[in-house]
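Colleague: sequence and predicted structure, then a few things I'm wondering about:
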Amino acid sequence: NAGVTQTPKFQVLKTGQSMTLQCAQDMNHNSMYWYRQDPGMGLRLIYYSASEGTTDKGEVPNGYNVSRLNKREFSLRLESAAPSQTSVYFCASSVGGETQYFGPGTRLLVL
Amino acid sequence: AQSVTQPDIHITVSEGASLELRCNYSYGATPYLFWYVQSPGQGLQLLLKYFSGDTLVQGIKGFEAEFKRSQSSFNLRKPSVHWSDAAEYFCAVAITDSNYQLIWGAGTKLIIKP
């Protein structure tokens, strides 16, 4: 039981490049989330998916898109990366929303 | 608007001393409250949570937290800290009428003096 896994662990992009961050969970959870973490700002919700087939914007969705591929997988896409998107990205999942379980994070640097 | 405030950005405590990390929230309904810990370079791990019932909740690693509705607080405590407790601690409140989205505090970094 791996819990929540994220790939890649680290990524360096040039401004304007695109990439997809992958997240998968093996706990049969309904809800999945994408956060970004910046120093001194805690975690901010980018997008979430309350159940398979649904996605909703969080606090900071601009510049991102998501896909809930199936119950297990929830990907985050940066279509045209900007330096302001340099951050640590965390994926999380929960059964019905109350207690969230986190992946190890993806560290992204946009030059 | 809902918010979570952790007033202390850093706290330094000697090993073996007691610890209290403060958390205040602003939320109109009955809150669901959480404390998470993040070790350097790691993801977040749930320490404890409060949904209802006994206002003193026990968590992992010897931590406890007390919910005080009158003070809108959910402070985290530990009687005796260990060097391995050095980490960043985050308080969060779940918005129960919005798919339980979590509103996060900015975190408190705990430094342990030998």
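Modeller: Yep, it's here. Please read these numbers as outputs of a predicted model, since none were measured by experiment.
Colleague: A:Tyr35 touches A:Leu45, doesn't it?
Modeller: Yes. A:Tyr35 lies in contact with A:Leu45 (CB atoms under 8 Å); the separation is 5.7 Å. In short, each C-beta sits where N, CA and C put it, glycine included.
Colleague: the strands in chain A, which residues?
Modeller: Counting by DSSP state E, chain A has strands at residues A:4-7, A:10-13, A:19-25, A:31-37, A:43-49, A:56-57, A:64-68, A:74-78, A:87-94, A:101-102, A:106-110.
Colleague: gap between the longest one and the chain center?
Modeller: Distance, stretch centre to chain centre, for strand A:87-94: 5 Å (CA atoms, centre = their mean, to the nearest Å).
Colleague: how about it, does it reach chain B?
Modeller: Yes. Against chain B, strand A:87-94 shows contacts by CB under 8 Å from any CB of the partner chain at A:Phe90, A:Ala92, A:Ser94.
Colleague: wait, what's in contact with the closest residue to chain A within chain B?
Modeller: Scanning chain B for proximity to chain A using CB to the nearest CB identifies B:Tyr100 as nearest, at 2.9 Å. When contacts are counted by CB atoms under 8 Å, 6 or more residues apart in numbering or on different chains, B:Tyr100 touches A:Ser31, A:Ser94, A:Gly96, A:Gly97, A:Glu98, B:Tyr32, B:Ala94.
Colleague: the first one and A:Tyr89, how far apart?
Modeller: In other words, A:Ser31. For A:Ser31, the distance to A:Tyr89 (CB to CB, to the nearest Å) stands at 17 Å.
Colleague: how far away is the most centrally placed residue in chain A from A:Thr7?
Modeller: What sits nearest the mean C-alpha location of chain A, by CA atoms, centre = their mean, is A:Trp34, with 3.1 Å. To A:Thr7, A:Trp34 is 14 Å away according to CB to CB.
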